[in-house]
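1. Generate a structure from the sequence data that follows.
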Amino acid sequence: RSHHQGAAELDDPQANGGVHLGDRVKICCFNESDEELREVMVNVSQTLEEMLVHFEDVLGEPCMLAYDNGVGVDLPIESEDDWRMFLRMVATTPDLEGTYDVLLLPRGSWEAYQRKVAEQEEGGP
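-> Numbers count the residues shown, from 1 in each chain. Reported below is the predicted structural model:
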């Protein structure tokens, strides 16, 4: 079977289908109270700095982003590297269909948010 060359690319069912993974992802923005704010289309070539402007528009104040890594751990997106890693994950995981939820937190509130989550998990009030 000669098409075995480059089979890795061909194995992705979405590669040749209507859904083209890779250049855009849809991010569903939520706030701390778990209310959905807005869906934002992101071009994967956009930098975190460029996108923060849009996210701050959604939240209405300077913000930072965090996401659940799929096993219940929230990870902050604090640098361009974090952002690239996040986008790559969303763009290359077929199950996600190019869509992911992101938490918008007021800038500088990450530690406080982490404490709050920890308290909730311990079954505190």
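
2. From now on I want contacts and neighbour counts done on CA atoms only, so please keep to that.
-> Fine.

3. can you give me the strands in this structure?
-> Taking DSSP state E as the test, the strands found in the chain are 24-30, 36-43, 63-68, 74-77, 99-106.

4. Using CSV, lay out those together with mean pLDDT and mean neighbour count.
-> Shown next, in CSV, are the strands of the chain (pLDDT from 0 to 100; neighbours: other CA atoms under 10 Å):
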stretch, mean pLDDT, mean neighbour count
strand 24-30, 95, 19
strand 36-43, 95, 15
strand 63-68, 96, 20
strand 74-77, 95, 18
strand 99-106, 96, 21
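
5. mind checking which of those strands is nearest residue 91?
-> Closest to residue 91 of these, according to CA to CA: strand 24-30, at 6.5 Å.

6. List the pairing partners of that closest one within its sheet, with orientation.
-> Sheet pairing of strand 24-30 (DSSP bridges) gives strand 36-43 (antiparallel), strand 99-106 (parallel).

7. quick one, what contacts residue 32?
-> Each residue near residue 32 by CA atoms under 8 Å, 6 or more residues apart in numbering is listed here: 103-105.

8. ok, so what distance separates it from residue 64?
-> 11 Å (CA to CA, to the nearest Å).

9. Find the residues that touch each one of these two.
-> 104-105.

10. Redo the strands paired with strand 24-30 as a markdown table? Include distance to residue 119.
-> Shown next, in a markdown table, are those (distance: least, CA to CA, whole Å):
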| stretch | distance to residue 119 |
| --- | --- |
| strand 36-43 | 23 |
| strand 99-106 | 18 |
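
11. Verify the stated contact: residue 96 with residue 89.
-> No - using CA atoms under 8 Å as the test, residue 96 is too far from residue 89 to be in contact (9.2 Å).

12. More neighbours: which of those two?
-> Shown here are residue 96 and residue 89; by other CA atoms under 10 Å, residue 89 has more neighbours (15 against 12).

13. what's the distance between that one and residue 25?
-> Relative to residue 25, residue 89 is positioned 10 Å away (CA to CA).

14. What of residue 84?
-> Distance from residue 84 to residue 25, counting by CA to CA: 12 Å.

15. Residue 85 too?
-> From residue 85 to residue 25 the distance is 13 Å (CA to CA).
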